[in-house]
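Visitor: Fold the following for me, if possible:
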Amino acid sequence: MRIMFKNKLILILLTGISLSMPLSMLYGGSEHGPDNFISPRVAIEETALKNVLSPDGQRGISIQSIKKSIFQKELALNQPLVIARRLIDELPTNAAQMVLNELSGDRLWKVLKKLPVSFISIMLDTLNPQESGRIIQQMRPLKAGLVLGAMYSAESVFQELSLSFQTLLLNTPGPRQIVHATIEESDFFRCGGLADVLKNLPRETAEQGDISSVFMPLWSGINKEFLTYVGYFTVPIDSSNGYRQERIDLFYTETGDIVKYRVYFIENHTYFDVGKDEVFSGQILERFIVFDKAVIEAIRYLGMRPDIIHCHEWQTGLIPVYVKAFYQEKGVEQFKNTLLVYSSHNPVYDMKDSRDSFSKTGLDANRFFRFDGLEINGFWSFSKAGFLFSDMSNTVSQSMAEDVLTQDFIGGIRNDLKGVYQYLQEQGRWKGIVNGGNEHFRAEINAGIAYNFDVSHLDARIENKMRLQKNLGLEVNPHKPIIGIIGRLTGQKGYDLLLPILMDILERGGQFVSLGSANQTDPTGWHLQNQFRELIEMINTDPKYEKYRDQISMNFVFGRSFDDGTNLEALICSGADIVTLPSRFEPCGLVQMNAAGCGGVVVAHKIQGLADTIAPYDRKTGNGLGFVFEGYSSDNAFKALLEAMDLFRDEPETWRHIQKNNMNADFSWDPVFWEYRNIIYSRARSAFLALGPQFNDFLFLHKSLQQNLSLFLQAI
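Guide: Here you go, the predicted model:
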């Protein structure tokens, strides 16, 4: 009996399944053996469960006992993401006790790191202070401090910690207010991969105990119906039509899976009432000058005192210089201690304009249109403003951070800011931090695939492959390797390497699927898209290529959903055998991480972020995630693809091993957050843990004892 994972439990219960059925069948699962995969997406709804109980409920079984049995099954299968989600959904006390008492070592930490600070604190508050102290003492000091700060029993637990760990906690910063400025967030508006970063980093920041908020434009297409109106203010702009005050209306909504945080929307009909195809056209310069001013004024309007303003990508590059010039230098208390962070997610891209337009910024040209200001080769630059006037800056992989220090060209594009990067590096203000993947894309919980599965149940992946083939009208054949691409058709992504070899891939028995289109303002991308269209037209009209017509599907759209509830991006990650990224340059990349979480094997150009995240498969050790090629050419890409295709067909056990390596790889945002916290956010002002007035007295006494002990040791 095959049971799909999307709430099939409810269907089973409502049709009167007997309680004598084994637990695995009651819960739902696949047909892949008795050790059925337990999907975290299955809802244990009380109303459905009551349908299998007798009217008086006297059958010796209760809703709680069923839930407990299911949770024990999850513990036995060692699925940390599943366990964490179950706790988050329900947080029954007995489940928390089972996790803390029955898991140990790596298994316990794999679960705990998937949980936000608030939930860990609730769990630990159910234990005695000694046991809570034992667990806290094995955490990172920063996370331990945040967990301790959220506990009711913090004072008692603190006294159970060792003196050395207490000392570490005394110097641990407490929660900080972090403002993120961006033009996109994937729940509301998407232009590219930055949208996924701005969904995940603020969420992880909030879940780990800090206070997150996001500010972005209210673009056309974002539904205001569910937003809360805050108020309005004005910002000045010296536009092409003269100086004027632009009205800004401010809205917000709360988002977040577990811990809620606010996303604020900045509305202005002159500049932001455009769709995604028009964001980078028209009044682009004035659009982002107004946005950067509006973010700061919104913070002032709300009375926020941010510890950190984190600016993402060149569109927010003027925020640091505005804060420094107009507020911090003038001693405005609201921004006095604010750390300014600028992240360049793609350092190759920037917005530059001539001196003639500099007055639109509202900045003094005599001071800021200079080599030690925003000027670069006779133009002024958004990115240079962000880099020079922020306190810390970074890009999204260590290799990219190193490449821009030494290379005059990145992917054929001139690296105008090489001297700026070198200056920042000398000052210790330039870092490389690899992004995380989208955890919601993992095969265990991905809502867009046909069959959820985990690393122990990879057979279910074949079902997703066949669903991908069926939904796209391809020959349904699990033995044919599917090569997939996901991403915008641009010169950066390297898809021009695939054009000369695509027919050879089909001739050798491969299938090819794609998702992504060109940007209307990108002539290179449109040329590439037209070339692919011509290839498809040739296959569809020339009789000698008829055999390829059900072997290729190119989808020139940003996203595509199907009537069965699946979507194409998720199906490519969970169904394609090979996902290829032949990028000319790639600061980080997200597709390879999403594919890894679904058992996809990547073939990629060994460059920057791809080199940092895709370890090539090593036959001797069995380690590695995929296949990489060096040297940007179609021949090199073809050789790597053939190697992967041959291994898929000839060595299925080896292929399965590589898939498991991918699913076991950790591309979560937890380590990313701690890198930001330790390397960048740590430079914000220190704030001691707040554990109540009595505890503050204890801390004072503890510090005094430490000082006296230090003096005593010096004396002897």
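Visitor: The chain - how does it break down into domains?
Guide: Under the assignment automatic domain parsing, the domains of the chain span 8-170, 177-432, 447-667.
Visitor: Quick one: closest of these to residue 674.
Guide: In terms of Cβ to Cβ, the element of the domains of the chain nearest to residue 674 is domain 8-170, at 6.7 Å. C-beta: built from backbone N, CA, C; applies to glycine.
Visitor: average model confidence for the closest one?
Guide: For domain 8-170, mean pLDDT is 62.
Visitor: would you list the domains of the chain in a markdown table and tack on distance to residue 675?
Guide: What follows is the domains of the chain, written out as a markdown table (distance: least, Cβ to Cβ, whole Å):
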| stretch | distance to residue 675 |
| --- | --- |
| domain 8-170 | 11 |
| domain 177-432 | 8 |
| domain 447-667 | 13 |
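Visitor: rank those domains by pLDDT, which is bottom?
Guide: Mean pLDDT per stretch puts domain 8-170 lowest among the domains of the chain, at a mean of 62.
Visitor: Mind listing what's buried along the helix or strand harbouring residue 470?
Guide: Per DSSP states H and E, residue 470 falls inside helix 461-471. The neighbour-count check on helix 461-471 (16 or more other Cβ atoms under 10 Å) flags 461, 463, 464, 465, 466, 467, 468, 469, 471 as buried.
Visitor: likewise stretch 271-291?
Guide: Buried-residue list, stretch 271-291, by 16+ other Cβ under 10 Å: 271-272, 274, 276, 278-280, 283-291.
Visitor: sorry, back to before: and the contacts of the helix holding residue 470?
Guide: Here helix 461-471 makes contact (Cβ atoms under 8 Å, 6 or more residues apart in numbering) with 30, 443, 449-451, 453, 474-478, 482, 511, 513, 562, 564, 566, 568, 571-572, 574-577, 598-599, 659.
Visitor: following that helix, which helix or strand comes up?
Guide: Using DSSP H and E, the helix or strand that follows helix 461-471 in sequence is strand 482-486.
Visitor: who does that next one pair up with?
Guide: Strand pairing for strand 482-486, using DSSP bridges, gives strand 511-515 (parallel), strand 578-581 (parallel).
Visitor: Just after the first one, pick out the following helix or strand.
Guide: Once the chain leaves strand 511-515, the next helix or strand it forms, by DSSP H and E, is helix 523-541.
Visitor: Put the alpha carbons of the helix or strand following that following helix into PDB.
Guide: Counting by DSSP H and E, the next helix or strand C-terminal to helix 523-541 is strand 552-555. Coordinates of each C-alpha in strand 552-555 appear next as PDB, following Å, rounded to 0.1, in the frame of the first residue of the first chain:
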ATOM      1  CA  ILE A 552      14.100  17.700 -23.100                       C
ATOM      2  CA  SER A 553      11.900  20.300 -21.400                       C
ATOM      3  CA  MET A 554      13.000  24.000 -21.100                       C
ATOM      4  CA  ASN A 555      10.800  26.200 -19.000                       C
END
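Visitor: Would you list the strands that strand 552-555 pairs with, along with their directions?
Guide: The sheet places strand 552-555 alongside strand 511-515 (parallel), with pairing taken from DSSP bridges.
Visitor: is it true that residue 209 touches residue 175?
Guide: Yes. Residue 209 lies in contact with residue 175 (Cβ atoms under 8 Å); the separation is 5.1 Å.
Visitor: anything in contact with each of these two?
Guide: 146, 149.
Visitor: The helix or strand where residue 130 lies packs against which elements?
Guide: Per DSSP H and E: residue 130 is located in helix 129-136. Helices and strands touching helix 129-136, by 3 or more Cβ pairs under 8 Å, 6 or more residues apart in numbering; DSSP states H and E, are helix 117-124, helix 141-149, helix 154-158.
Visitor: Now the last one: buried residues?
Guide: If I follow you right, that is helix 154-158. Neighbour counts over helix 154-158 (16+ other Cβ under 10 Å) mark 154, 155, 157, 158 as buried.
Visitor: per-residue confidence at residue 681?
Guide: At residue 681, the pLDDT recorded in the model is 91.
Visitor: residue contacts, it?
Guide: Counted by Cβ under 8 Å, 6+ apart, residue 681 has contacts 176, 178, 308, 339, 341.
Visitor: Buried ones among those residues?
Guide: Counted by 16+ other Cβ under 10 Å, the contacts of residue 681 give 176, 178, 308, 339, 341 as buried.
Visitor: Export those residues to CSV and append columns for secondary structure and distance to residue 406.
Guide: As requested, these are exported to CSV (DSSP: H, G, I helix; E, B strand; the rest coil; distance: Cβ to Cβ, whole Å):
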residue, secondary structure, distance to residue 406
176, coil, 34
178, strand, 32
308, strand, 30
339, strand, 28
341, strand, 24
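Visitor: Pick the one among the residues you listed closest to residue 318.
Guide: Among the buried ones among the contacts of residue 681, and counting by Cβ to Cβ, the member closest to residue 318 is residue 341, at 14.5 Å.
Visitor: Please confirm that residue 628 is located within a strand.
Guide: Yes. According to DSSP: H, G, I helix; E, B strand; the rest coil, residue 628 belongs to a strand.
Visitor: mind listing what it touches?
Guide: Residues counted as contacts of residue 628 (Cβ under 8 Å, 6+ apart) are 603, 604, 605, 606, 610, 611, 614, 616, 640.
Visitor: Where is the longest strand in the chain?
Guide: strand 242-255 (DSSP state E).
Visitor: Please export the C-alpha coordinates of whichever helix or strand comes after that one as PDB.
Guide: Per DSSP H and E, the first helix or strand lying C-terminal to strand 242-255 is strand 261-267. Provided in PDB are the C-alpha atoms of strand 261-267 (Å, rounded to 0.1, in the frame of the first residue of the first chain):
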ATOM      1  CA  TYR A 261       9.700  38.900  13.600                       C
ATOM      2  CA  ARG A 262       8.600  41.900  11.600                       C
ATOM      3  CA  VAL A 263       9.000  42.700   7.900                       C
ATOM      4  CA  TYR A 264       8.400  46.400   7.200                       C
ATOM      5  CA  PHE A 265       7.300  47.600   3.800                       C
ATOM      6  CA  ILE A 266       8.100  51.000   2.500                       C
ATOM      7  CA  GLU A 267       5.500  52.300   0.100                       C
END
